[in-house]
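**Q** This is a predicted model, with the sequence first.
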Amino acid sequence: MHEQGIDQKDIAEADLRTRRGVFRAVAFRDPVDGHEHMALVRGDVRGREDVLVRMHSECMTGDIFGATRCECGDQLGSALDAIVREGAGVLVYLRGHEGRGIGLVAKVRTHILQDDQGLDTVDSATAIGLPVDVRDYGPAARILRHLGVRAVRLMSNNPDKVSALESYGVAVAARVPLLVPVSDDNIRYLTAKRDRLGHDLPQLDTPARGAVVDGAPVSEVR
Ligand SMILES: Nc1nc2c(ncn2[C@@H]2O[C@H](COP(=O)(O)OP(=O)(O)OP(=O)(O)O)[C@@H](O)[C@H]2O)c(=O)[nH]1
Ligand SMILES: [Zn+2]
């Protein structure tokens, strides 16, 4: 099968100083989905088989405005901190993933149903005739290949993301939990992800809710 690479005209990179550290910011337009995505790269990742990687799905409410009903904003910060601690790694920020791929307006519609009718994150999507998850991880696989990453340690609590990335030919050496503390605001969302979507969220079981993990690569699974 012919494999589509990223054309030089569709990619540009520069150093980016952030509050969390300095990264190489690699902006690229994906040849398949046409979205502009960004990879933040730290350290030397080319040719390595143990690269700490986060594939982060765009969540405007959580990432930009710090909404507390989901844990996206905390995960974004924790993943960058983990990469800085590690000395090397890649965070791929994936556009077009808003609302697990249904878009921002539709996601906010699901919030209305969650708030007014008590539906969870799964039923609130299907209630408006939309799929629960239509994200494509091809762009992440293509930029990781472009960066010369040979295998990754994937920061995620979602086992499906491991198989999705592997289906694009990127080897996943391990899954690294990226757990944020449970709060009154996010407990409904986290519980639904565990019970309906099969995410591995052990912090929901610990009695000392809120005291757990900060995104450090605590223990690697598989
Ligand atoms: N449809 C919908 N999407 C949501 C909702 N809350 C958050 N999202 C989106 O969910 C995406 C993140 O996916 P999650 O299911 O939280 O987590 P994940 O990426 O599968 O797993 P992790 O790697 O462990 O973070 C982001 O794009 C959010 O915009 C919601 O209530 N409804
Ligand atoms: Zn979110």
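**A** Thanks, I have the structure now. Ligands and ions are numbered 1, 2, ... in the order given.
**Q** Do a quick rundown of the helices in the chain.
**A** Using DSSP state H, the helices of the chain run over residues 72-86, 104-117, 123-126, 138-146, 159-166, 187-197.
**Q** Most tightly packed of those helices?
**A** Highest mean neighbour count of these: helix 138-146, a mean of 22 (counted as mean count of other Cβ atoms under 10 Å). Every residue, glycine included, has its C-beta placed from N, CA and C.
**Q** show me what contacts Ala127?
**A** The contact partners of Ala127, taken as Cβ atoms under 8 Å, 6 or more residues apart in numbering, are Leu113, Leu119.
**Q** What does it show for phi and psi?
**A** As for Ala127, its main-chain torsions (degrees, to the nearest 10) stand at phi -60, psi -30.
**Q** near ligand 2, which residues of the protein?
**A** By the rule Cβ under 5 Å from the ion, the part of the chain lying against ligand 2 is Cys59, Gly62, Cys70, Cys72.
**Q** just those that are near ligand 1?
**A** Counting by Cβ under 6 Å from any ligand atom, Cys59, Cys70, Cys72 from the residues of the chain next to ligand 2 sit close to ligand 1.
**Q** Throw the residues you listed into JSON lines and include pLDDT, thanks.
**A** Output for these, formatted as JSON lines (pLDDT from 0 to 100):
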{"residue": "Cys59", "pLDDT": "98"}
{"residue": "Cys70", "pLDDT": "96"}
{"residue": "Cys72", "pLDDT": "97"}
